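Asker: A structural model of the following input is requested.
(chains A and B)
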Amino acid sequence: MSGICQECARRAWLLAKLGGQLDRELERHDQSSFWSVLELPDLELVDAIARNRRTELHTAYADWQPASRCRDEQPQALCRHHAAYPRHLRDDALSPHSFELRGGVERLRELLEEKVVAIVGTRTASDYGMEVARELARGLATCGITVASDFAEGTSSAVLAGALEADGAPLAVMSKSVERCTPAWRAPLCRHVLERGCLIAESHASSRARRWWQYASARTLALLAQLVIVVEATDEPCDLACANVAFSRARHVAAVPGRVSSASSKGANRLLMNGAHLVRGPQDALDVLYGLGICEATNQALGAIDLQPRLADVLELVSRGQDTPAKLAASGAHTDDVAVALAELELCGLLARGDGGRYVPCGSVLAR
Amino acid sequence: MLARARTFTLEGLNARAVSVEIDIRPGLPAFAIVGLADAAVREARDRVHAALLNSGFEFPARRITANLAPADVPKIGPGFDLALACGILAASGQIPSELLDTHALFGELSLDGEVRACHGTLAVAEATKKAGLAMLVLSPQRAREATLVEGLPVSVVEHLSSAARVLSGGSGDQLPEQSRAQPSIPRHGPDLSDVRGQTHAVKALIVAAAGAHNSLLSGSPGTGKTMLAGRLPSILPPLERSEAIEVMRIHSATGKLTGGELLTERPFRAPHHTITTAGLIGGSRRGWVGEAVLAHNGVLFLDELSEFARPTLEALRQPLEDGRVSIVRARHSAIYPARFMLIAATNPCPCGYAGERERCACREVDLARHRRRLSGPLLDRIDLLVHVERTAADYLADGPSMSSAQAREQVIEARQRQARRLRADGILVNAQMDAPMLRRHLKLDRQGEQMMARARERGLLSARGQHRALRVARTLADLDGCERVGGEQISRALTLRPEVGLAGRRAA
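Answerer: Next comes the predicted model:
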């Protein structure tokens, strides 16, 4: 692979050989132990986890020869010893030894020159979570921040879509190879990201997907970002991996508060209890990044809207959870009046239609 | 001797004239039928033989050849029995042959000579009149159906001997009660007053009925989607006479017509989701029509839309666009009318609880797969998306919001306004307006113009979506009795637009 030295290519080969053991490490130990293992140099890593394959792997490691055929086509690959390897990652022992890149070295450099904010969350996000993630990404991308996310389903899709809507250049960290978008139905999003942004993924010298790859991509994301925002996350380790790495590296971690009764908000709420910053919208994120009031979020909609009292009332009710025409009508309003108000608020960009006919506050409502 | 009788065969929904030529000459006794007859026609030999003997006539013990002309047209069904029997009687000199050429004969014979009804009587009656024949001779069971054709003399014969009497210049049997077709009395189906709560959905249903808009009811299991759809026929306006004749022609040709009265209720067809493409569209065999054709001028209700096979749903595109089904097979082709109002019901996601926060267990990929089953050209032809929500317990104790009679009154008034405006364009309802008609008939006030412009700017509506919203807004204005479409109607139309919500925006 172009851009990867033999040492780093051998590391990728070794990690592929130890893929099963690394997955087992994840199952048996907590994340911090796993990260410690991943930081180990090659032969120490073999000694630590290879068990009865140690001798075999030591021999194979000593005899390792690079692949005879080099691929010059996309994706490009960079290793720690390459001049274009991001400085964010270079000094950290936990960072990937090599990664694949699509979008170009120059564009990646430009993206990383700006502040990078990683926005992550659960794959099974609610409408609310999706809309918050989207608005955060849109708001931050509008301010010139590089918005990064993994390429998982759910929250990440909304983050990347939001950044693209604001004509931003998102950075997506995939867990599998960037060469081919999997699953195929997400190929359009992949294409849109590549139009302006970059896709990166740790180089894996194996075609068999491993569970630890997800954690590896979360770790790369955390190391690239100056701020990690968790929108909606369960308390499953994989949902919080990115935030945990950021905490361990003393990076800023923020979370969007969720309902206390919601399983998909448990992780985010726990982060808040553990000292994460509370983020309600792009402005809060900017305050964390730059300091209170230093940078103003671009408010695209509110200034122009002179909200009539009847619309403000409906918006308030929707924000309180009376988010369907039937629930709004139950509060005493006429069905037709409710329909008219909802349409007007949607045209103002203050509401969006969600699943099941529900209306979700969005845009500047979240920023207020 | 040679005799020639006149009858008809069905080709799709239309009848085609057939000349039954009987030749009797000396030779070994035999009875041959030629002229591309199907099994039912070939079996007529035995029925006719027995019926003639059991009716007191003589069956000539000579060589009988029956030719059904034109010979290249396939002849289907048992409706040739009466013409064959009367042709043999005339050829053998048992009855005079003069009237055979001016009377159309249509009916099946039982072994004792009784004349039985056959499918497609209405089409045969229309073809008889068109052919300029003096009279249609048929069984009493379908006499009412035939009398729907204005100015066609009908002679009812209960038995082969009665037919012989008519062809000898005598009179037929007594016409059954209510010989002239009367409008059927509307049946009392489920009423809208059974519905509690669901004000938003009931109003949307009225809009759909008023403009004949294709609609999709989406909601969690048990919210009442099927209940609402089942009450749609009770608020639809009655069939006009021309519409009723079209519907009866289809149902008569397929044997689904139970009485001969002029229908007033619109057809409501609700096939199961396991239906095949042929079952929905037709064409599995000659003369077979699908549910889409049977729903002509009525409602086609597809419950659990996402469970229907994708090719089956795709096959609905042509009828939804053109209002007709064109079936072309190796040996036959036919065009059937299929202008129906599509009402579909579906869960919002595979688990059924999308939008109900914690309850929905679907991942993005599940939602994407669910949308793929529904999306595309079919959804593009749906005007209204009605979200049916779970009714709060206190609403269940409330009284009904509206009865079917009240809703039907509103719908009829709105339809009358539409008919007055659109009749010159050859259509009757707003849902059938194309873009030029929209430009002619839809006048927006200033607020309405502004709202449409804002919807376009925000990307809420595609080009086709704008037309859909405008059609629905026009129907809302018709329901409100307004000549111009205002901002309020546009707003309400936007809340009913079928564009998917956040889920659809997820993957960018």
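
Asker: For chain A, what's the nearest residue on the stretch 1-150 of chain B?
Answerer: Here the stretch 1-150 of chain B gets closest to chain A at one residue, residue B:13, 40.5 Å apart by CB to the nearest CB. Using the backbone N, CA and C atoms, a C-beta is placed for each residue, glycine as well.

Asker: which residues does that residue contact?
Answerer: Taking CB atoms under 8 Å, 6 or more residues apart in numbering or on different chains, we find residue B:13 in contact with B:120, B:123, B:249-250, B:253, B:289, B:334, B:336-337.

Asker: One more: residue A:32?
Answerer: Under the criterion of CB under 8 Å, 6+ apart, the neighbours of residue A:32 are A:244, A:248.

Asker: what's the helix or strand for it?
Answerer: Using DSSP states H and E, residue A:32 falls within helix A:31-39.

Asker: Spit out the contact partners of the closest residue to residue B:189 other than its chain neighbours.
Answerer: In this structure, residue B:189 finds its nearest non-sequential neighbour in residue B:234, 5.3 Å apart by CB to CB, 6 or more residues apart in numbering or on different chains. Residue B:234 is in contact with B:189-192, B:404, B:407-408, counting by CB under 8 Å, 6+ apart.

Asker: Out of these, flag the one nearest to residue B:70.
Answerer: Residue B:70 has its nearest neighbour among the contacts of residue B:234 in residue B:189, at 45.1 Å by CB to CB.

Asker: re the thing from before, which among the contacts of residue B:13 end up buried?
Answerer: Taking 16 or more other CB atoms under 10 Å in any protein chain shown as the criterion, what is buried in these is B:120, B:123, B:249-250, B:253, B:289, B:334, B:336-337.

Asker: tell me the least confident of those residues?
Answerer: Checked by pLDDT, these have residue B:334 as the lowest-scoring entry (83).

Asker: Wait, a helix at that one?
Answerer: No - going by DSSP: H, G, I helix; E, B strand; the rest coil, the assignment for residue B:334 is strand, not a helix.

Asker: Next, count neighbours for residue A:62.
Answerer: Residue A:62: 8 surrounding residues under other CB atoms under 10 Å in any protein chain shown.

Asker: sec struct for the residue nearest the centre of chain A, please.
Answerer: Centroid-nearest residue in chain A, with CA atoms, centre = their mean: residue A:149, separated by 2.4 Å. With three-state DSSP as the basis, residue A:149 sits in strand.

Asker: mind listing the strands for the stretch 101-250 of chain B?
Answerer: Secondary structure of the stretch 101-250 of chain B, counting by DSSP state E, counting those that start in this stretch: strands at B:103-106, B:108-109, B:115-116, B:135-138, B:154-156, B:215-219.

Asker: I'd like those laid out as CSV, including mean neighbour count and distance to chain A.
Answerer: What follows is the strands of the stretch 101-250 of chain B, written out as CSV (neighbours: other CB atoms under 10 Å in any protein chain shown; distance: least, CB to the nearest CB, whole Å):
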stretch, mean neighbour count, distance to chain A
strand B:103-106, 27, 54
strand B:108-109, 24, 54
strand B:115-116, 24, 54
strand B:135-138, 26, 54
strand B:154-156, 23, 53
strand B:215-219, 26, 7
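
Asker: For residue A:230, which of those is the nearest?
Answerer: strand B:215-219 (31.5 Å).

Asker: helices and strands around the closest one, which ones?
Answerer: helix B:199-211, helix B:225-230, strand B:341-346, strand B:384-388 (3 or more CB pairs under 8 Å, 6 or more residues apart in numbering or on different chains; DSSP states H and E).

Asker: still on that earlier bit, with just CA atoms, put the helix holding residue A:32 into CSV.
Answerer: Extracted in CSV, the C-alpha atoms of helix A:31-39 (Å, rounded to 0.1, in the frame of the first residue of the first chain):
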residue,chain,number,x,y,z
GLN,A,31,-12.0,-0.8,27.6
SER,A,32,-9.1,0.8,29.4
SER,A,33,-7.3,-2.6,29.5
PHE,A,34,-8.0,-3.1,25.8
TRP,A,35,-6.6,0.3,25.0
SER,A,36,-3.5,-0.6,27.0
VAL,A,37,-3.1,-3.7,25.0
LEU,A,38,-3.5,-1.9,21.7
GLU,A,39,-0.8,0.5,22.7
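
Asker: Report the buried residues of the helix or strand just after it.
Answerer: Heading C-terminal from helix A:31-39, the first helix or strand you meet, by DSSP H and E, is helix A:42-49. Neighbour counts over helix A:42-49 (16+ other CB under 10 Å) mark A:42, A:45-46, A:49 as buried.

Asker: how far out from the middle of the chain is whichever helix or strand comes after helix A:42-49?
Answerer: Sequence order places helix A:54-63 as the next helix or strand after helix A:42-49, per DSSP H and E. Offset of helix A:54-63 from its chain centre (CA atoms, centre = their mean, to the nearest Å): 36 Å.

Asker: for helix A:54-63, packing partners?
Answerer: With contacts defined as 3+ CB pairs under 8 Å, 6+ apart, the packing partners of helix A:54-63 are helix A:6-17, helix A:42-49.

Asker: Helix A:6-17 and that helix, what's the angle between them?
Answerer: Interaxial angle, helix A:54-63 versus helix A:6-17 (axes from the mean of the first three to the mean of the last three CA atoms, to 10 degrees): 150 degrees.

Asker: what does the average pLDDT come to for helix A:54-63?
Answerer: 90.

Asker: got the contact list for it?
Answerer: Taking CB under 8 Å, 6+ apart as the rule, helix A:54-63 contacts A:10, A:14, A:17-18, A:42-43, A:46-47, A:50.

Asker: try 6 Å this time
Answerer: A:46, A:50 (CB atoms under 6 Å, 6 or more residues apart in numbering or on different chains).

Asker: now the angle from it to helix A:42-49?
Answerer: Here the directions of helix A:54-63 and helix A:42-49 differ by 170 degrees (the same axes, to 10 degrees).
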